[in-house]
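Participant: structure for the following, please:
(chains A and B)
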Amino acid sequence: KQEVTQIPAALSVPEGENLVLNCSFTDSAIYNLQWFRQDPGKGLTSLLLIQSSQREQTSGRLNASLDKSSGRSTLYIAASQPGDSATYLCAVPPSDSGGSNYKLTFGKGTLLTVNP
Amino acid sequence: DGGITQSPKYLFRKEGQNVTLSCEQNLNHDAMYWYRQDPGQGLRLIYYSQIVNDFQKGDIAEGYSVSREKKESFPLTVTSAQKNPTAFYLCASSKRGGNEQFFGPGTRLTVL
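Facilitator: As a prediction, the model looks like this:
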């Protein structure tokens, strides 16, 4: 059974700092990995979807990398801002999904606080 | 604007009552999902539907029921058989194959 771990559970940084959030998964035979952002009391916002054939995916100040062999993904946030404060979650499909994402397994998330 | 709507935003239920949470999407997505989120836990899949008139149980389906009569709608009923229903419920949708899931704003259910 796929398990997803996100470390650290919480992170507090000063504004302007570059930071890395980590996501690890136990079964490396995944087709893709998705990063989400969740603000308190809100739904999830999709940030990046990185396919297994890709090593990196970028959107603005966000960069996600995927290393299947080590079972790890990182989300890099450049020049952090107070508006980046939120919980960041990663999710992967089952390794036997055949490329479909119907049954995602989520990590518990990293709560990021960016202090002005 | 395309998106997913959930209603109500807050819902209070007395013990022993069934309640239904609404989820509507206008993204023309084939697949829809229901998740439950509890403090300190990741999202857990309750039910999902790949196509109209078909749905499958997720990891924690006991005490819940769904229907998928229309492509745009995937209501979730929390029955009295669900012993601990207080949670934040999230609906999502995706294109066929579920490559990328998109989420609604959520419904917070509290049992009084």
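
Participant: ok, and what's touching stretch B:34-50?
Facilitator: A:4, A:44, A:89, A:91, A:102-109, B:21, B:23, B:30-33, B:55-61, B:64, B:66, B:68, B:74, B:76, B:87-92, B:96, B:98, B:106 (Cβ atoms under 8 Å, 6 or more residues apart in numbering or on different chains). All C-beta spots, glycine's among them, are computed from the backbone N, C-alpha and C.

Participant: distance between the ends of that stretch?
Facilitator: 12 Å (Cα to Cα, to the nearest Å).

Participant: with stretch A:54-69 instead?
Facilitator: Its start and end residues considered, stretch A:54-69 measures 13 Å (Cα to Cα).

Participant: and if you look at stretch A:75-95?
Facilitator: Start and end residues of stretch A:75-95 are separated by 21 Å (Cα to Cα).

Participant: quick one: that stretch near chain B?
Facilitator: Yes: residues of stretch A:75-95 contacting chain B under Cβ under 8 Å from any Cβ of the partner chain: A:L89, A:A91, A:P93.

Participant: so which of these sits lowest on pLDDT?
Facilitator: Within those, A:P93 has the lowest pLDDT, namely 85.

Participant: geometric centre of chain B: which residue is closest?
Facilitator: Nearest to the geometric centre of chain B sits B:W34, at 3.0 Å (Cα atoms, centre = their mean).

Participant: for chain A, which residues are neighbours of chain B?
Facilitator: Near chain B, the residues belonging to chain A are A:4, A:32, A:34, A:36, A:41-46, A:49, A:89, A:91, A:93, A:99-109 when assessed by Cβ under 8 Å from any Cβ.

Participant: narrow those residues to those that are buried.
Facilitator: Neighbour counting by 16 or more other Cβ atoms under 10 Å in any protein chain shown classes A:4, A:32, A:34, A:36, A:42-44, A:46, A:49, A:89, A:91, A:93, A:100-109 among those as buried.
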